[in-house]
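Asks: The following comprises the amino acid sequence and a computationally predicted model.
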Amino acid sequence: MPVVKNDEAREIPWRPGYRNYILAGEAQGVSVSSSMAVLEEGAGAPLHFHEEVDEVIVVVEGTLDVRIGDERVLVGKNQTISVPARTPHAFTVVSPEGARFIAFLPKQGAHMATQYLEGRPPLGASQK
């Protein structure tokens with residue numbers, strides 16, 4: 001079905017304090033990937049990069065401490081993060097109320113190969 005009600009989206013197991021919901025992908029007949037993340041304070045993603053795809057993250061609520069390459073910046077509500085392919089990036093939620101963001105990647109599957117420089121892949125990475 002091409003229309004997904006965000007509050008009914010399929011949840012993929014991700015990380016402690018980090019809930020991930022699929023908004024668009026193979027089930028909707030598209031080659032792009034879009035997900036909604038709902039995170040608790042202190043949750044996030046370790047340093048990693050995507051081999052062949054850019055990533056765009058739109059922060060809807062809360063504040064993230066974001067590392068992109070050698071830069072570190074606080075990113076809050078109504079701000080967008082653009083991460084070019086092969087650029088190491090990581091983030092942690094620093095707002096007490098947690099955070100919510102929507103992520104977009106232009107392709108799914110092998111093109112979305114992710115390399116972890118710290119930590120491990122999320123629990124449901126293969127289900128995305």
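Replies: That came through fine. Numbering: from 1, shown residues only.
Asks: and the residue nearest the centre of the chain, what helix or strand is that in?
Replies: The centroid of the chain falls nearest to Ala103 when counting by Cα atoms, centre = their mean (4.9 Å). Secondary structure from DSSP states H and E places Ala103 in strand 99-105.
Asks: Direction included, what does that strand pair up with?
Replies: In the sheet, strand 99-105 lines up against strand 33-39 (antiparallel), strand 55-61 (antiparallel) (DSSP bridges).
Asks: Excluding chain neighbours, give the residue nearest to Gly98 in space.
Replies: Computed as Cβ to Cβ, 6 or more residues apart in numbering, the closest residue to Gly98 that is not its neighbour in sequence is Glu40, at 4.9 Å. No exception for glycine: its C-beta is placed from N, CA and C like everyone else's.
Asks: buried ones in the lowest-mean-pLDDT helix or strand in the chain?
Replies: Within the chain, no helix or strand scores below strand 114-116, which has a mean of 86 by mean pLDDT, DSSP states H and E. Residues of strand 114-116 classed as buried by neighbour count (16 or more other Cβ atoms under 10 Å): 114, 116.
Asks: what separates that strand from the chain centre, distance-wise?
Replies: 13 Å (Cα atoms, centre = their mean, to the nearest Å).
Asks: Other residues contacting that strand?
Replies: Defining contact as Cβ atoms under 8 Å, 6 or more residues apart in numbering, one finds that strand 114-116 is touched by 46-51, 121, 125.
Asks: Kindly reformat the strands paired with strand 99-105 as JSON lines containing distance to Lys107 and mean pLDDT.
Replies: Shown next, in JSON lines, are these (distance: least, Cβ to Cβ, whole Å; pLDDT from 0 to 100):
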{"stretch": "strand 33-39", "distance to Lys107": "7", "mean pLDDT": "94"}
{"stretch": "strand 55-61", "distance to Lys107": "11", "mean pLDDT": "97"}
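Asks: what sits opposite Asp65 in the beta ladder?
Replies: Counting by DSSP bridges, the residues bridging with Asp65 are Leu74, Thr92.
Asks: and if you look at Gly44?
Replies: Thr92.
Asks: what's the spacing between it and Pro16?
Replies: 11 Å (Cβ to Cβ, to the nearest Å).
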